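Colleague: Here is my input, please return the structure:
(3 chains)
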Amino acid sequence: MSHSIDERLAKLGVVLPDAPTPAANYLPYVISGNQLLIAGQAAVVDGKHKFVGRLGAELSVADGKEAARLAAINVLAQAKAACSGDWNKLARCVRICGYLNATSEFADHPQVLDGASDFLVAALGDTGKHVRSVLGASSLRSRTVLVIDAVFEIKH
Amino acid sequence: MSHSIDERLAKLGVVLPDAPTPAANYLPYVISGNQLLIAGQAAVVDGKHKFVGRLGAELSVADGKEAARLAAINVLAQAKAACSGDWNKLARCVRICGYLNATSEFADHPQVLDGASDFLVAALGDTGKHVRSVLGASSLRSRTVLVIDAVFEIKH
Amino acid sequence: MSHSIDERLAKLGVVLPDAPTPAANYLPYVISGNQLLIAGQAAVVDGKHKFVGRLGAELSVADGKEAARLAAINVLAQAKAACSGDWNKLARCVRICGYLNATSEFADHPQVLDGASDFLVAALGDTGKHVRSVLGASSLRSRTVLVIDAVFEIKH
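Modeller: Numbers count the residues shown, from 1 in each chain, chains lettered A, B, ... in the order given. Below is the predicted model of the structure:
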């Protein structure tokens, strides 16, 4: 499994970044029993929010989908850090939740969150499949376009 | 237990539908350890959203409450599918979360989500009791009025 | 641990209230396996919402931060009740999620939720550290400024 994830990421052209540092007084991840919980991740690259604004206004569905992919890359970077780099500890992705900075007219939430789901399945294969919920938020920190959190199942 | 749930549903006049297919690239449910997680369910009947619009604008609290009941019926349909139809595997409902497509003036979130909670307790008895959170979303997929996700505890 | 939590609360000048009663048909907490899930708590003191309105409009970041502290106090009151008053049963705080009644212009969500995180870490020490997500809600029950829910890990 370890090999195949690294190979898949290489094929996708994705280099996992160092796991981003939390923006405030909280942990980036917590392991409790067989669950690994990841704090909400934004589409932050090199410390900068890549998409700022609202879906349905300044930002398009394509922007949102790319942001979701970037946030999911950060989710996976946190998961790797939580496993001390050992992918064999990661049993599966269980759930993601997407909070989209979106106007009251926006209706294409699934297409946006697919940017995250597609990446997780492409990177992790069948163990990347998950349940999810997605909703429009009235606003998000730093006016970022979306935040995604996640639960994984791990092996000890 | 198996019998009593089917009997309760019959008394309520509820026939569980086939579990709805996800709208995008995700699973309808995942079992992880003793937890069964259900993806966000809308008030979809026969593939169609029954209530489209916002609480506090086009839609009333009564509309929302009925939508919450319908979404909870879909939640329970997913739970039944996850248990391969064997209610004995379902230990209890642990948590639901309700995302309501609501204006900034709307304030009756608990009354709306009671449509789901009341149904779950009526159908499952004491094992249907749960914790919950509810919030107004700025928008939801397909402009549906609400989405509800859930966590159940299962027995293997 | 038991002693140190009570001592820390005393130093903070916090007297935990009786755990608030749910506003509708749900439980204040559920224990499932090693997880303790707490239903969404508001900044309610003596049965009254202390901050009503929206962040970015009538209410300031300082208001929100104090509201988050008050909601976290109610979260901890529920956790204590769930442990029948025995702090030794509480292994750690795992996760909180903050729903902020906020305008579309609001961007200071982390500062607000720090009111809850800071309190939990001050009261519980290292076992109070957690992952979290925070988002703007379009509206909340009774127009309260925020709702916070939580997951703890417990020992049996």
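
Colleague: Let me see the mean pLDDT of the helix or strand containing A:Lys11.
Modeller: Assessed by DSSP states H and E, A:Lys11 sits inside helix A:2-12. Per-residue pLDDT over helix A:2-12 has a mean of 91.

Colleague: For chain A, which residues are neighbours of chain B?
Modeller: Taking CB under 8 Å from any CB of the partner chain as the criterion, the neighbours of chain B within chain A are A:33-35, A:56, A:92, A:94-95, A:102-111, A:113-114, A:117-118, A:121, A:129-138, A:151, A:153. Where you see a C-beta, it was placed from the backbone N, CA and C, and this is true even at glycine.

Colleague: Buried ones among the residues you listed?
Modeller: Buried residues within the residues of chain A next to chain B, counting neighbours by 16 or more other CB atoms under 10 Å in any protein chain shown: A:33-35, A:56, A:92, A:94-95, A:102-104, A:106-111, A:113-114, A:117-118, A:121, A:129-138, A:151, A:153.

Colleague: Just the residues of chain A next to chain B: which are in helices?
Modeller: Members of the residues of chain A next to chain B lying in helices (criterion: DSSP state H): A:His109, A:Pro110, A:Gln111, A:Leu113, A:Asp114, A:Ser117, A:Asp118, A:Val121.

Colleague: Let's have those residues in TSV, adding pLDDT and distance to A:Lys50.
Modeller: Shown next, in TSV, are those (pLDDT from 0 to 100; distance: CB to CB, whole Å):
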residue	pLDDT	distance to A:Lys50
A:His109	98	19
A:Pro110	97	21
A:Gln111	98	18
A:Leu113	98	17
A:Asp114	98	18
A:Ser117	98	19
A:Asp118	98	18
A:Val121	98	22
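
Colleague: Relative to C:Ala24, which of the residues you listed is nearest.
Modeller: When those are ranked by distance to C:Ala24 (CB to CB), A:His109 comes first, at 26.5 Å.

Colleague: For the closest one, list the residues it contacts.
Modeller: A:Gly98, A:Leu100, A:Ala102, A:Val134, A:Leu135, A:Gly136, B:Ser139, B:Leu140, B:Arg141 (CB atoms under 8 Å, 6 or more residues apart in numbering or on different chains).

Colleague: does the third one really touch A:Leu55, like I thought?
Modeller: Just to be clear, that refers to A:Ala102. Yes: the pair A:Ala102 / A:Leu55 is scored as a contact, 4.2 Å apart, by CB atoms under 8 Å.

Colleague: Between these two, which contacts overlap?
Modeller: A:Gly136.

Colleague: residues in chain A within reach of chain C, list them.
Modeller: So chain A meets chain C at A:23-30, A:32-33, A:37-40, A:54, A:97, A:99, A:101, A:103-104, A:136-143, A:147, A:149 (CB under 8 Å from any CB).

Colleague: one more time with 6 Å
Modeller: Applying CB under 6 Å from any CB of the partner chain, we find that chain A lies next to chain C at A:23-27, A:30, A:32-33, A:37, A:39-40, A:99, A:137-143, A:149.

Colleague: of these, buried ones?
Modeller: A:23-27, A:30, A:32-33, A:37, A:39-40, A:99, A:137-141, A:143, A:149.

Colleague: max-length helix in chain A?
Modeller: helix A:61-82.

Colleague: what's the spacing between the most centrally placed residue in chain A and C:Val44?
Modeller: With distances taken as CA atoms, centre = their mean, the residue of chain A nearest its centroid is A:Ala72 (2.3 Å). To C:Val44, A:Ala72 is 36 Å away according to CB to CB, to the nearest Å.

Colleague: strand partners of the lengthiest strand in chain A, parallel vs antiparallel please.
Modeller: For chain A, the strand with the greatest residue count under DSSP state E is strand A:90-101. Strand A:90-101 has the following strand partners under DSSP bridges: strand A:131-137 (parallel), strand A:146-154 (antiparallel).

Colleague: what's the angle between the first one and helix A:61-82?
Modeller: Between strand A:131-137 and helix A:61-82, the angle formed by their directions is 130 degrees, by axes from the mean of the first three to the mean of the last three CA atoms, to 10 degrees.

Colleague: what does strand A:131-137 contact?
Modeller: By CB atoms under 6 Å, 6 or more residues apart in numbering or on different chains, the surrounding residues in contact with strand A:131-137 are A:95-102, A:106, A:109, A:113, B:26-27, B:30, B:37, B:39-40, B:99, B:137-139, B:149, C:135-136.

Colleague: So A:Ala81 is in contact with A:Asp18, correct?
Modeller: No: between A:Ala81 and A:Asp18 there is no contact under CB atoms under 6 Å: 8.0 Å.

Colleague: ok, those two, which is more surrounded?
Modeller: When A:Ala81 and A:Asp18 are compared for neighbours, A:Ala81 comes out ahead with 16 against 10, by other CB atoms under 10 Å in any protein chain shown.

Colleague: The nearest residue to the more buried one once chain neighbours are set aside in helix, strand or coil?
Modeller: Using CB to CB, 6 or more residues apart in numbering or on different chains and skipping the chain neighbours, the partner closest in space to A:Ala81 is A:Ala19 (4.1 Å). Counting by DSSP: H, G, I helix; E, B strand; the rest coil, the backbone at A:Ala19 sits in coil.

Colleague: List the residues that contact A:Ala19.
Modeller: Shown in contact with A:Ala19 (CB under 6 Å, 6+ apart): A:Pro28, A:Ala77, A:Gln78, A:Ala81.

Colleague: Mind telling me what element A:Ile31 is part of?
Modeller: Using DSSP H and E, A:Ile31 falls within strand A:29-32.

Colleague: re the thing from before, CSV for the contacts of A:His109, including pLDDT?
Modeller: Below are the contacts of A:His109 laid out as CSV (pLDDT from 0 to 100):
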residue, pLDDT
A:Gly98, 98
A:Leu100, 98
A:Ala102, 98
A:Val134, 98
A:Leu135, 98
A:Gly136, 98
B:Ser139, 98
B:Leu140, 98
B:Arg141, 98
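
Colleague: related to what we said a few turns ago, ok, which pair from the contacts of A:Ala19 is furthest apart?
Modeller: Of all pairs drawn from these, the one with the longest distance (CB to CB) is A:Pro28 and A:Ala77, at 9.3 Å.

Colleague: what's the helix-or-strand element of chain A with minimal mean pLDDT packed up against?
Modeller: Every helix and strand in chain A was compared by mean pLDDT, DSSP states H and E; the lowest is helix A:2-12, with a mean of 91. On a contact count with 3 or more CB pairs under 6 Å, 6 or more residues apart in numbering or on different chains; DSSP states H and E, helix A:2-12 meets helix A:109-124.
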